[in-house]
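>>> Here's a sequence, model it:
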Amino acid sequence: MQTSALKELDSQYLIHPVSDFRGHQQKGVKILQSGKGPRVTDSEGETYLDAFAGLWCVNVGFGEQRIVDVASKQMSVLPYATGYFGFGSEPAIKLAEKLVSITPDSLQHVYFSLGGSDAVDAALRYITYYYNAIGKPQKKHIIALKRGYHGSSSVGAGVTGLPAFHANFDVPLPTHHHIACPYFYRSEFDTEQALIDASVQELKDKVAALGADNVAAFFCEPVVGSGGVIVPPKGWLTAIAKACKSLGILFVVDEVITGFGRTGKMFACEHENIQPDMMTMAKGLTSGYVPMGAVMMSDEIFKGIADGPHRSAVVGHGQTYSAHPVSAAVALEVISIYEEGLLEHAQAMTPYFEDKLQSILSHPLVGDVRNQGLLAAVELVADKSKKRQFPAELGLHEVIADIAWKNKLIFRAFGDNILGFAPALCYSKEDFDELFDLLQKTLDEVLSLDMVKKEMAR
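Numbers count the residues shown, from 1 in each chain. Okay, here's the model as predicted:
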């Protein structure tokens with residue numbers, strides 16, 4: 001079909017996620033046709049370097065034939081198996097065992113979802129059920145971070161700490177609460193330890209205000225993703241985990257973005273040897289080739305649910321495609337690719353990536369760079385000394401994304417002009433060289449814009 005016809009059909013029928021409906025119709029869709037390694041090709045035959053791995057997910061790169069072969073084989077043998085009524089499939093069972101073996105020791109049981117949002121939703125439902133089952137029905141309040149992202153389900157969107165996911169959706173709920181994001185670059189603190197101490201105290205104060213007997217859990221990403229790739233100071237995760245334990249609330253780590261090699265370890269919580277009560281995951285689990293997510297829980301939570309006063313009753317949470325055999329087979333193959341050398345390759349490339357990030361810090365527009373592994377941000381400012389941001393009404397992030405697209409580069413341009421990067425783990429030095437050459441070109445073009453020069457001169 002002609003590209004123009006597809007664009008018209010898209011405008012007429014397809015609702016895109018997290019979009020301005022009319023704005024998208026006016027601007028039109030960018031149709032991707034194919035992908036290979038870290039590059040994608042559009043319907044016009046133009047090829048782009050993808051520095052965002054699709055949506056933080058295509059960690060192994062596009063066009064990995066062994067994954068396609070595994071999916072095809074599973075489809076030909078058993079394309080679907082329900083998990084209801086006591087049924088199951090070999091790939092899902094093996095994947096559950098594999099995930100328990102590679103995640104922190106505190107996590108012993110797995111429920112499979114279709115993606116990250118419903119993994120968070122499942123976690124919230126299981127937490128509610130758990131406390132009701134163990135006789136603590138008053139523990140209903142959830143605390144999370146401002147700028148944190150925990151999906152866009154009807155309840156999870158309230159745990160998310162981004163206003164765009166709240167507006168007109170009647171969330172957060174009265175049981176959803178947020179504390180400050182550990183954002184050192186824009187904090188008032190002189191040292192990272194001071195920020196850590198203040199963050200822990202804010203959590204304790206929030207729990208005290210709500211009543212410890214009323215608080216169920218604290219949710220956080222080890223690195224805040226969609227809120228601007230905020231990398232907390234080293235030791236923050238440990239301090240927060242200890243605080244949760246002392247306060248008697250569950251500690252839930254959301255590794256939907258950070259899991260599966262993205263930060264240099266298989267899971268980001270490994271950097272500080274964290275033992276969470278629950279963990280959510282998705283994206284890199286299947287490298288985005290097919291939909292799948294998961295929530296993992298401790299044996300204590302599992303037993304609380306399984307052995308509660310209604311132990312003979314079914315636990316009424318489930319989905320038709322939970323533990324889908326094709327997705328599970330793909331996930332097993334993807335994990336094998338990580339373990340067979342891709343994770344090691346990403347670790348080896350990280351210092352080169354970090355050097356490139358530091359070099360871009362000298363650009364007049366760049367106020368801060370930060371990363372953990374191959375998850376990074378470049379924060380643009382109008383005034384470096386004051387860390388002054390560009391006014392939101394300029395819509396500069398959209399202009400930046402358009403200029404990058406013109407230069408054949410894809411990354412995430414957030415509304416506050418933070419640029420997010422999540423290159424595939426298969427990136428070579430040559431790929432990184434190309435990325436930063438194109439980024440330099442893009443930033444230079446942005447710098448030359450009249451509205452940018454005017455704002456920087458103010």
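
>>> Please count neighbours and contacts with C-alpha atoms only from this point.
Will do.

>>> which element is residue 158 on?
For residue 158, the element it lies in under DSSP states H and E is helix 156-159.

>>> Please apply the same query to residue 359.
Here residue 359 is assigned to helix 343-360, by DSSP H and E.

>>> Packing partners of the next helix-or-strand element following that helix?
Going down the chain from helix 343-360, the next helix or strand is strand 366-372, by DSSP H and E. In terms of contacts (3 or more C-alpha pairs under 8 Å, 6 or more residues apart in numbering; DSSP states H and E), strand 366-372 is packed against helix 343-360, strand 375-380.

>>> What average pLDDT does strand 366-372 get?
Computed over strand 366-372, the mean pLDDT rounds to 98.

>>> now swap in stretch 213-230 and tell me
In the prediction, stretch 213-230 has an average pLDDT of 98.

>>> Can you give me the end-to-end span of that stretch?
Terminal residues of stretch 213-230 lie 31 Å apart, using C-alpha to C-alpha, to the nearest Å.

>>> now do stretch 181-200
Per C-alpha to C-alpha, the first residue of stretch 181-200 is 11 Å away from its last.

>>> Can you point out the buried residues in that stretch?
181, 182, 183, 184, 185, 192, 195, 196, 199, 200 (16 or more other C-alpha atoms under 10 Å).

>>> Equivalent analysis for stretch 435-442, please.
In stretch 435-442, counting by 16+ other C-alpha under 10 Å, buried: 435, 436, 438, 439, 442.

>>> sorry, back to before: grab the two from the buried residues of stretch 181-200 that are most spread out in space.
185 and 200 (18.0 Å; C-alpha to C-alpha).

>>> Identify the residues contacting residue 433.
With contact set as C-alpha atoms under 8 Å, 6 or more residues apart in numbering, residue 433 has no partners.

>>> Now it: which helix or strand?
Using DSSP H and E, residue 433 falls in helix 429-447.

>>> now the next helix or strand after that helix: how far from the chain's centre is it?
Later in the chain than helix 429-447, the nearest helix or strand by DSSP H and E is helix 450-456. Between the centre of helix 450-456 and the centre of its host chain there is 33 Å, according to C-alpha atoms, centre = their mean, to the nearest Å.

>>> Now do helix 450-456: everything it contacts.
Contacts of helix 450-456 (C-alpha under 8 Å, 6+ apart): 382, 383, 390, 394, 446, 447.

>>> Which residue ranges make up the domains of this structure?
3-63+338-456, 66-336 (automatic domain parsing).

>>> Deepest in the core, which of the ones you listed is it.
Burial of these is given as mean neighbour count (mean count of other C-alpha atoms under 10 Å); domain 66-336 ranks first at a mean of 20.

>>> What's the mean pLDDT across stretch 397-413?
98.

>>> Residues contacting it, please?
Stretch 397-413 is contacted by residues 46-52, 414-417, 419-422, 435, 438-439, 441-443, 445-446 when judged by C-alpha under 8 Å, 6+ apart.

>>> ok, back up a step: quick one, which of the helices and strands packed on strand 366-372 is nearest to residue 215?
Of the helices and strands packed on strand 366-372, nearest to residue 215 by C-alpha to C-alpha is strand 375-380, at 31.4 Å.

>>> Pairing partners for that closest one, with directions?
Strand pairing for strand 375-380, using DSSP bridges, gives strand 366-372 (antiparallel), strand 418-421 (antiparallel).

>>> Minimum distance to residue 7: which of the ones you listed has it?
strand 418-421 (26.8 Å).

>>> List the contacts of stretch 276-285.
Counting by C-alpha under 8 Å, 6+ apart, 56-59, 104, 106-107, 115-116, 119-120, 123, 241, 250-257, 259-260, 292-298, 301, 331, 334-335 sit against stretch 276-285.

>>> how about a cut-off of 7 Å?
56-59, 106-107, 115-116, 119-120, 250-257, 259-260, 292-298, 331 (C-alpha atoms under 7 Å, 6 or more residues apart in numbering).

>>> cool, and stretch 234-249?
By C-alpha under 7 Å, 6+ apart, stretch 234-249 touches 196, 200, 212, 215, 216, 217, 218, 222, 250, 251, 272, 274.

>>> shaky segments in the stretch 201-350 of the chain?
Applying pLDDT under 70 to the stretch 201-350 of the chain flags the ranges 310, 312.

>>> Check the gap between the closest residue to residue 309 other than its chain neighbours and residue 125 for me.
Leaving aside its sequence neighbours, residue 309 sits nearest to residue 133 (C-alpha to C-alpha, 6 or more residues apart in numbering; 6.3 Å). In this view, residue 133 and residue 125 are 12 Å apart by C-alpha to C-alpha.

>>> how about residue 33, phi and psi?
phi -110, psi -40 (degrees, to the nearest 10).

>>> okay, which residue is most central for the chain?
residue 257 (2.8 Å; C-alpha atoms, centre = their mean).

>>> how far away is that residue from residue 346?
16 Å.

>>> Can you tell me which of the contacts of stretch 234-249 is nearest residue 431?
Of these, the one sitting nearest to residue 431 (C-alpha to C-alpha) turns out to be residue 222, at 26.7 Å.

>>> end-to-end on stretch 107-115?
End-to-end for stretch 107-115, by C-alpha to C-alpha: 19 Å.

>>> how far is it from where the chain is centred?
16 Å.

>>> One more: stretch 104-117?
The answer for stretch 104-117 is 15 Å, by C-alpha atoms, centre = their mean.

>>> Which residue comes closest to residue 87 once chain neighbours are left out?
residue 81 (7.2 Å).

>>> Find me the pLDDT at that neighbour, would you?
Residue 81 is given a pLDDT of 98.

>>> right, and it touches residue 92 too?
No - using C-alpha atoms under 7 Å, residue 81 is not in contact with residue 92; the gap is 9.6 Å.

>>> overlap in contacts of these two?
324, 325.

>>> how about residue 217, secondary structure?
strand (DSSP: H, G, I helix; E, B strand; the rest coil).

>>> Indicate which one of the strands paired with strand 375-380 is closest to residue 129.
Here strand 366-372 is closest among the strands paired with strand 375-380 (C-alpha to C-alpha), at 34.8 Å.

>>> so residue 178 sits in a strand?
Yes - counting by three-state DSSP, residue 178 is found in a strand.

>>> who does it bridge with?
residue 144.

>>> Next up, the contacts around it.
Residue 178 touches 143, 144, 145, 146, 161, counting by C-alpha under 7 Å, 6+ apart.

>>> Many thanks, I have nothing further to ask.
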